[in-house]
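> Could you look at this predicted model? Sequence included:
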There are 2 protein chains.
Amino acid sequence: MVSISVNRRSRVPLYYQIQQRLLKQITAGRLKTGDLLPSEQEISARLGISRMTARQALKSLCHLGVTYSRRGKGTFVSGIKLEKNFRQVQSFTEEMKARGLKPQARVLSFQTIPARGEVAEALKLPLGEPVVSLRRLRLADSWPMGIECSHLPARICPGILKAFNPRASLYQTLWKRYGILMAVAEEVVEVGRVSAEEARLLRTRPGSPVFQFTRTSYLQDGRPVEYVKSIYRGDRYKIVTRLTRLNCDFGTVRRA
Amino acid sequence: MVSISVNRRSRVPLYYQIQQRLLKQITAGRLKTGDLLPSEQEISARLGISRMTARQALKSLCHLGVTYSRRGKGTFVSGIKLEKNFRQVQSFTEEMKARGLKPQARVLSFQTIPARGEVAEALKLPLGEPVVSLRRLRLADSWPMGIECSHLPARICPGILKAFNPRASLYQTLWKRYGILMAVAEEVVEVGRVSAEEARLLRTRPGSPVFQFTRTSYLQDGRPVEYVKSIYRGDRYKIVTRLTRLNCDFGTVRRA
DNA sequence: AGATTTAAGTTGTCTATACAACCAGCGTCA
DNA sequence: TGACGCTGGTTGTATAGACAACTTAAATCT
C-alpha cells in the first residue's frame, strides 16, 4: 500500500519520493519477491499526480534492479535483494561492515612520492608528478586480511597527509573534504603467492595463495583518481558479486 | 553529427533508433571521451521529434554508462568504454572471444542425475529431482584453462541431452531452444588448489593455486535456472570487472 | 577593474493526452 | 469441447508544453 500523499512543496522530486517509499516497502519485506506493485495508473490516481511521474518512479526501481516490468501484466518485485555491494564500488570498510565484521586498518606508510611505472600510467600522470601513497594493513575483527596500497594524484587532495584520520574511511574523507566521488572502477583480480614480508604482516606462510587486486577508480568524466594494489589472504577472503545482463534497456528486453 | 531522419514506420521505437545511432558514433570513435553530445533540444528539432523522446534516447545512454549528464551543461561521453563484459553475465565462450582467444570445450560428462546437496539447495529443488549436469574442460587457443560443471533443472530443458551441440554455447542453446534468458547471477570467487585429477586435466601440478567459481543464475523473476561450479588455472586467468557506484539515479547524484 | 545583473542555453521535473502492444479472463460460437 | 474474439487492464512509446534549476558568457553597473 502506498501512503496517501506526497509533499509538493518539498524540493525532493515527486518521483523520487514515491521511489523511496516503494523501496522501503520492499526492503522492509512488506512487498516480497514476485509481488505485484501498484500500477502506474493506480499510483497516479491515488496520489493525484500524472501517470508519467508515477512511471518514472517505477522505472527507477527497475533501474536499481529491485523490480522488473512486463507489458500487459505489471511491475513485480524481483528476487534480487538490494544489498550494499550490489554492483557497487565499495571500500574495505563498507564491505566488512556489510558482512558484520569490524574493519580496522594499520597504516604501514603514508607519504608523497613521485609517480612512476604502472602508477603513473594508471593515473595518467607525467613521470615524477607527486602522488600520495597510503599503504595499510587491513584487519577484520582483528584478523589480518590483506595489504592495501592506494595511490592518489597529490594535486587533487592537497593537505591530505595532515587531514586524513587513519581510523576513517579514505573514500569518505575524499568525498567530504574534497568533493571527490568515484563513479566507476576497473578491477583486475589475479591469483598469486605471498612474499616473505607480506606473509609476516598477514601472519601466514610465505608462498600461500592470495588474491591480487588492481583497481583504478575514475570520476564520472573518466579522469582517474585512484590506483590501488592489494593482496588478500585466499583462505579468509572471497568475492561475492551480482551481475546483470545488459541486453535490456529500462527493463525492456530487445533482441539484437 | 546525428543523421537526418528517423524511420517512423519501423516497429523499432524512435528513441531506440536514436540511441543506437549515437552509440555507434561513440564506439566508432567519432565521439570521444569528454565530447558533448547534441542537446535534447537540438536532437528533437533536427529529427522533428518531441524533446521527451530525444531525452529518453540520451538517458538510456547514461543508463548504459557510456555518457553522463550535467544540468545546465549538457550530456558528455564518459571515459568508460562499452565493452562486452561490462557489468554483464557472460559465458566462457563470450569472454574468450572478447579477449581475442579461440574458445573450445571438451565434454567430460553429460548426464541426468538426481539433485542433492548444494546443487538442490542452489536450484531450490527437492532432493532427487532430476538435474542435467554438464562437465566440460575449457580451453582457449587449445590451452586448458579450467573445468566447468553446470547444473540445470531437467524440467526446464527437456531433450537437451540430445539437442545440445557440444561445440555450441550452452547459453545460446538455452535461449534459442527454450527461451531461457538468464537475467541476474550471483557469483562467489575463492582461491583454492587443484586436486590430482584436476591437475591432470589442466596439465598443471597438483596443489597449484586456482580460482574457484560458484555461480547461480536466475531468471528475471528470481527463479534459479543454473548452478555452476568451476575452477580456473590461476596462472592463466584473471578477472576484469567494471563497477559502478549506485548513489545516483538516471545519472542524477543524490546525497542521501 | 571588479562586481552584479541579464540573457540564452541546457538538463531536471511534471502535466495531460493519445495510441500501440500485450495479457488475462470471459463469453460466444461452431 | 475447443477456437475465437471481445474487453478491460497494464506497460511501452510518443507528443506538446510548462516551469525550475543550473551554467556560461555577455552586458551592465559601480
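Everything's here; your move. A quick note: this is a predicted structure, and the numbers were derived from the prediction, not measured. Numbers count the residues shown, from 1 in each chain, chains lettered A, B, ... in the order given.

> how about low-confidence regions in chain A?
A:1-4, A:79-90, A:94, A:98, A:175-176, A:179, A:181, A:183-184, A:220-222, A:242-256 (pLDDT under 70).

> Which segments of it make up each domain?
A:14-82, A:92-233 (automatic domain parsing).

> okay, the ones you listed in JSON lines with distance to DNA strand C next?
Every residue, glycine included, has its C-beta placed from N, CA and C. JSON lines is the format used below for those (distance: least, C-beta to the nearest atom of the strand, whole Å):
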{"stretch": "domain A:14-82", "distance to DNA strand C": "2"}
{"stretch": "domain A:92-233", "distance to DNA strand C": "11"}
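
> Wait, A:D235 touches A:S208, no?
Yes: counting by C-beta atoms under 8 Å, A:D235 does reach A:S208; the two are 7.4 Å apart.

> show me where chain A has helices.
In chain A, the helices defined using DSSP state H lie at A:14-27, A:40-47, A:51-64, A:92-98, A:117-123, A:160-163, A:170-178, A:196-202.

> what's the most buried one of the ones you listed?
Sort these by mean neighbour count, taking mean count of other C-beta atoms under 10 Å in any protein chain shown, and helix A:51-64 sits at the top with a mean of 20.

> returning to that earlier point: could you export the domains of chain A as TSV, including distance to B:E197?
What follows is the domains of chain A, written out as TSV (distance: least, C-beta to C-beta, whole Å):
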stretch	distance to B:E197
domain A:14-82	35
domain A:92-233	19
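
> Can you say which of these is nearest to B:M182?
Of all the domains of chain A, it is domain A:14-82 that lies closest to B:M182, at 12.5 Å by C-beta to C-beta.

> when you scan the closest one, is anything in it near chain B?
Yes: for domain A:14-82 and chain B, the contact criterion (C-beta under 8 Å from any C-beta of the partner chain) is met by A:16, A:19, A:33-34, A:60, A:63-65, A:68, A:76, A:78-80.

> Specify the beta-bridge partners of the closest residue to A:L123 other than its chain neighbours.
Excluding the flanking residues, the one nearest A:L123 by C-beta to C-beta, 6 or more residues apart in numbering or on different chains is A:P224, at 5.0 Å. Beta-bridge partners for A:P224, by DSSP bridges, are A:Y218.

> one step back: among the helices of chain A, which comes closest to A:W143?
helix A:196-202 (9.6 Å).

> quick one: the closest one to chain centroid distance?
Mean-position distance between helix A:196-202 and its chain equals 29 Å (C-alpha atoms, centre = their mean, to the nearest Å).

> Which elements pack onto that helix?
For helix A:196-202, the helices and strands in contact under the criterion 3 or more C-beta pairs under 8 Å, 6 or more residues apart in numbering or on different chains; DSSP states H and E are strand A:143-153, strand A:224-233.

> any chance of those in a markdown table, plus distance to B:D141 and mean neighbour count?
Converted to a markdown table, the helices and strands packed on helix A:196-202 look like this (distance: least, C-beta to C-beta, whole Å; neighbours: other C-beta atoms under 10 Å in any protein chain shown):
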| stretch | distance to B:D141 | mean neighbour count |
| --- | --- | --- |
| strand A:143-153 | 33 | 21 |
| strand A:224-233 | 29 | 22 |
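
> mind putting these in TSV, distance to DNA strand D included?
Formatted as TSV, these follow (distance: least, C-beta to the nearest atom of the strand, whole Å):
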stretch	distance to DNA strand D
strand A:143-153	21
strand A:224-233	19
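
> hang on, the earlier thing: same list (the residues of domain A:14-82 next to chain B) but as JSON lines, adding distance to B:I147.
Formatted as JSON lines, the residues of domain A:14-82 next to chain B follow (distance: C-beta to C-beta, whole Å):
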{"residue": "A:Y16", "distance to B:I147": "47"}
{"residue": "A:Q19", "distance to B:I147": "44"}
{"residue": "A:T33", "distance to B:I147": "33"}
{"residue": "A:G34", "distance to B:I147": "35"}
{"residue": "A:S60", "distance to B:I147": "41"}
{"residue": "A:H63", "distance to B:I147": "37"}
{"residue": "A:L64", "distance to B:I147": "35"}
{"residue": "A:G65", "distance to B:I147": "31"}
{"residue": "A:Y68", "distance to B:I147": "33"}
{"residue": "A:F76", "distance to B:I147": "37"}
{"residue": "A:S78", "distance to B:I147": "31"}
{"residue": "A:G79", "distance to B:I147": "29"}
{"residue": "A:I80", "distance to B:I147": "28"}
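
> ok, so of these, who is nearest B:G100?
Looking at these and their distance to B:G100, the nearest is A:G65, at 30.8 Å (C-beta to C-beta).

> Any figure for the gap between that closest one and B:V240?
To B:V240, A:G65 is 22 Å away according to C-beta to C-beta, to the nearest Å.

> Of these two, which one has the most company?
For A:G65 versus B:V240, neighbours defined as other C-beta atoms under 10 Å in any protein chain shown are more numerous around A:G65 (19 against 15).

> doesn't A:I26 make contact with that one?
No: look at A:G65 against A:I26 with C-beta under 8 Å: they stay out of range, at 11.2 Å.

> I'd like the helices and strands packed on helix A:196-202 as JSON lines, with distance to B:S10 appended.
Compiled in JSON lines, these are given as follows (distance: least, C-beta to C-beta, whole Å):
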{"stretch": "strand A:143-153", "distance to B:S10": "48"}
{"stretch": "strand A:224-233", "distance to B:S10": "41"}
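
> wait, A:S217 sits on A:L174?
No: using C-beta under 8 Å, A:S217 is not in contact with A:L174; the gap is 9.8 Å.

> which neighbours do the two share?
A:M182, A:V225 (C-beta atoms under 8 Å, 6 or more residues apart in numbering or on different chains).

> For the stretch 51-200 of chain A, give the residue positioned nearest to DNA strand D.
Per C-beta to the nearest atom of the strand, A:G72 is where the stretch 51-200 of chain A lies closest to DNA strand D, at 3.4 Å.

> Of A:D235 and A:S208, give the one with the bigger neighbour count.
Using other C-beta under 10 Å, the more surrounded residue of A:D235 and A:S208 is A:S208, with 17 against 13.

> List the contacts of that one.
For A:S208, the contact set (C-beta under 8 Å, 6+ apart) comprises A:R193, A:V194, A:A199, A:R233, A:G234, A:D235.

> Next: A:P144.
Taking C-beta under 8 Å, 6+ apart, one finds A:L137, A:R138, A:L201, A:L202, A:R203, A:R233 in contact with A:P144.

> Quick check: the farthest pair among those residues?
Largest separation among the contacts of A:P144 by C-beta to C-beta: A:R138 and A:R203, giving 12.7 Å.

> Give me the more crowded residue out of these two.
For the pair A:R138 and A:R203, the greater number of neighbours falls to A:R138 (23 against 9), based on other C-beta under 10 Å.

> separation between that one and A:E95?
Applying C-beta to C-beta to A:R138 and A:E95 gives a distance of 10 Å.

> And A:L37, by the same measure?
30 Å.

> The closest residue to A:R106 other than its chain neighbours pairs with what?
Distances taken as C-beta to C-beta, 6+ apart put A:L137 closest to A:R106, at 4.4 Å, once the chain neighbours are dropped. When assigned by DSSP bridges, A:L137 has beta-bridge partners A:R106, A:I147.

> hang on, A:L137 packs against A:E198?
No: at 9.9 Å, A:L137 does not count as touching A:E198 under the criterion of C-beta under 8 Å.

> For these two, list the residues in contact with both.
Joint contacts of A:L137 and A:E198 (C-beta under 8 Å, 6+ apart) are A:I147.
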